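Engineer: With the input below, show me the fold.
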Amino acid sequence: MKLGLQLGYWGADPIPNAPELIAVAEECGFDAVFTAESWGSDAYTPLAWWGAATSRLRLGTAVAQLSARPPTSLAMHALTLDHLSNGRHIVGLGVSGPQVVEGWYGELFGKPLARTREYVQVVRDVLARADKVTSAGPHYPLPYPADAPGATGLDKSLKPITHPLRADLPIWLGAEGPKNVAQTAEIADGWLAIFFSLGLADQYNSWLDEGFARPGARRSREDFEVAATVQVVITDDVASAIERYRPSTALYVGGMGAKEKNFHAELYKRMGYGDAVDEIVSLFLSGKKAEAMAAVPDEMVRETMLVGTADEVRAQIKDWEAAGVTMLMVTARDTETIRQLATLV
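Structural biologist: Numbering: from 1, shown residues only. Predicted coordinates:
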């Protein structure tokens with residue numbers, strides 16, 4: 001089991017002590033540090049800035065949103081950071097959701113599975129630098145069709161000027177549903193699992209195994225990474241820890257998506273919290289956020305946490321490791337917590 005420090009995306013301001021957190025994480029043996037993006041700070045700039053002060057930590061995006069950049073642009077970011085870090089970059093990608101994709105980026109959200117497959121292939125073709133990069137589309141056609149309305153017809157197929165350091169730069173995908181997780185096992189090098197639940201481990205593994213079994217699958221169980229985002233809290237007061245993270249659960253279930261389409265809500269329904277999810281969504285979308293938080297059951301918060309005394313958390317980590325998790329992506333905002341977490345694995 002490895003540890004990754006998830007710094008995520010910024011709120012109103014940058015994370016003030018991020019350099020200190022990253023330095024201690026590297027000192028304590030963490031494997032990687034990750035950034036993310038929503039509709040504020042981007043995933044790559046902080047990673048390059050903070051990562052410059054490191055020498056061993058892998059530097060990952062968890063996640064960079066597909067709609068934020070064409071695949072060739074993402075590949076340019078990736079090969080640049082991989083060179084600057086001497087081969088320490090992990091590309092973490094995700095489709096986000098329709099509210100962000102269509103509301104923020106002004107792109108169509110439809111066909112996320114097909115878009116992801118095509119996007120990853122273009123990125124791999126850029127990194128391979130075997131030939132000029134082309135794609136038949138339909139989502140990311142390269143070059144742009146000369147007969148399309150408004151096209152100049154002056155297109156030219158290209159390959160990157162800069163030689164990528166690694167053609168096999170690892171690509172991890174954020175995925176929640178069965179088809180998406182199976183495709184991730186088929187075409188990617190790792191799975192970014194948000195809200196991993198030990199109760200769904202058998203289901204997750206069956207989806208992964210389906211992907212590994214497909215013809216041409218890139219990896220097998222033995223060399224595929226499963227990185228689970230998780231809150232790890234060492235405490236004798238479990239009730240207080242649950243209370244601290246109850247608002248976050250309510251936000252993701254009730255507010256991070258539309259009533260008609262919320263992948264997080266669907267995931268918690270698969271965990272068995274269907275009635276609670278419906279109530280939380282209804283309250284949250286009605287503007288009753290305090291009531292939505294109160295409607296989150298304790299066990300629903302604890303489902304995706306590792307919490308208890310140090311010995312209890314170590315035992316829980318062993319259970320997650322046995323279920324196939326290879327990395328815990330933990331959130332920490334003080335150095336003492338990082339040092340404490342490092343003693344667990």
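Engineer: from here on, contacts and neighbour counts on C-alpha atoms
Structural biologist: Fine.
Engineer: low-confidence ranges in the chain?
Structural biologist: 258 (pLDDT under 70).
Engineer: Centroid-nearest residue for it?
Structural biologist: Nearest to the geometric centre of the chain sits Ala62, at 3.7 Å (CA atoms, centre = their mean).
Engineer: Could you list the residues in contact with the lengthiest strand in the chain?
Structural biologist: In the chain, assigned by DSSP state E, the strand with the most residues is strand 225-234. Identification of contacts with strand 225-234 by CA atoms under 8 Å, 6 or more residues apart in numbering yields 6, 189-196, 241, 304-310, 313, 324-331, 341.
Engineer: buried subset of the residues you listed?
Structural biologist: 6, 189-196, 241, 304-308, 310, 313, 324-331, 341 (16 or more other CA atoms under 10 Å).
Engineer: Asp278 versus Lys259, what's the distance?
Structural biologist: According to CA to CA, to the nearest Å, Lys259 and Asp278 sit 9 Å apart.
Engineer: What of Ser55?
Structural biologist: 47 Å.
Engineer: Specify which residue of these two has the higher count of neighbours.
Structural biologist: Asp278 (16 against 12; other CA atoms under 10 Å).
Engineer: Name the helix or strand for the more buried one, please.
Structural biologist: helix 274-285 (DSSP states H and E).
Engineer: I'd like to know which elements that helix is packed against.
Structural biologist: Packing partners of helix 274-285 (3 or more CA pairs under 8 Å, 6 or more residues apart in numbering; DSSP states H and E): helix 238-254, helix 263-270, helix 289-294.
Engineer: quick one, it and helix 263-270 angle?
Structural biologist: For helix 274-285 against helix 263-270, the angle by axes from the mean of the first three to the mean of the last three CA atoms, to 10 degrees is 150 degrees.
Engineer: which residues sit against helix 274-285?
Structural biologist: 250-251, 253-255, 259, 265, 268-269, 289, 291-293, 295-297.
Engineer: ditto for stretch 50-68
Structural biologist: 8, 18-19, 22-23, 26, 30-38, 42-44, 47, 84-85, 88-96, 101, 105, 107, 116, 119, 173-174, 192.
Engineer: and that stretch, which residues are buried?
Structural biologist: 50-51, 54, 56-68.
Engineer: Farthest-apart pair in those residues, please.
Structural biologist: With CA to CA as the measure, no two of these lie farther apart than Arg56 and Ser67, at 30.1 Å.
Engineer: The residue nearest to His139 when sequence neighbours are not counted - how many residues pack around it?
Structural biologist: Computed as CA to CA, 6 or more residues apart in numbering, the closest residue to His139 that is not its neighbour in sequence is Arg115, at 6.1 Å. Other residues near Arg115 come to 19 when the count uses other CA under 10 Å.
Engineer: Go over the secondary structure and confirm Arg115 is in a helix.
Structural biologist: Yes - counting by DSSP: H, G, I helix; E, B strand; the rest coil, Arg115 is found in a helix.
Engineer: Going by distance to Gly153, which of the contacts of helix 274-285 wins?
Structural biologist: Lys259 (42.4 Å).
Engineer: Who are the contact partners of that closest one?
Structural biologist: Counted by CA under 8 Å, 6+ apart, Lys259 has contacts Val281, Leu285.
Engineer: one more time with 6 Å
Structural biologist: The neighbourhood of Lys259, defined by CA atoms under 6 Å, 6 or more residues apart in numbering, contains no residues.
Engineer: Also Ile194?
Structural biologist: Contacts of Ile194 (CA under 6 Å, 6+ apart): Ala228, Thr229.
Engineer: how about a cut-off of 10 Å?
Structural biologist: Residues in contact with Ile194 (CA atoms under 10 Å, 6 or more residues apart in numbering) are Ala62, Gly174, Ala175, Glu176, Ala227, Ala228, Thr229, Val230, His264, Leu267, Thr304, Met329.
Engineer: again, but for Tyr204
Structural biologist: Tyr204 touches Glu176, Gly177, Pro178, Val181, Ala182, Ala193, Phe196, Ser197, Leu198, Glu210, Ala323, Gly324, counting by CA under 10 Å, 6+ apart.
Engineer: cool, and Asp189?
Structural biologist: 90-92, 168-173, 218-220, 223-226.
Engineer: These in helices, which ones?
Structural biologist: Among the contacts of Asp189, no member falls in helices (criterion: DSSP state H).
Engineer: Can you go through these and name the buried ones?
Structural biologist: If we count by 16+ other CA under 10 Å, these have these buried: 90-92, 169-173, 218-220, 224-226.
Engineer: who's in contact with the residue nearest to Arg339 when sequence neighbours are not counted?
Structural biologist: Excluding its sequence neighbours, the residue lying closest to Arg339 (CA to CA, 6+ apart) is Cys28, at 6.5 Å. By CA under 10 Å, 6+ apart, the residues touching Cys28 are Leu3, Ile22, Ile338, Arg339, Gln340, Leu341, Ala342, Thr343.
Engineer: and which of these is nearest to Ala136?
Structural biologist: Nearest member of these to Ala136, counting by CA to CA, is Leu3, at 39.2 Å.
Engineer: The closest one is in what secondary structure piece?
Structural biologist: Using DSSP H and E, Leu3 falls in strand 2-8.
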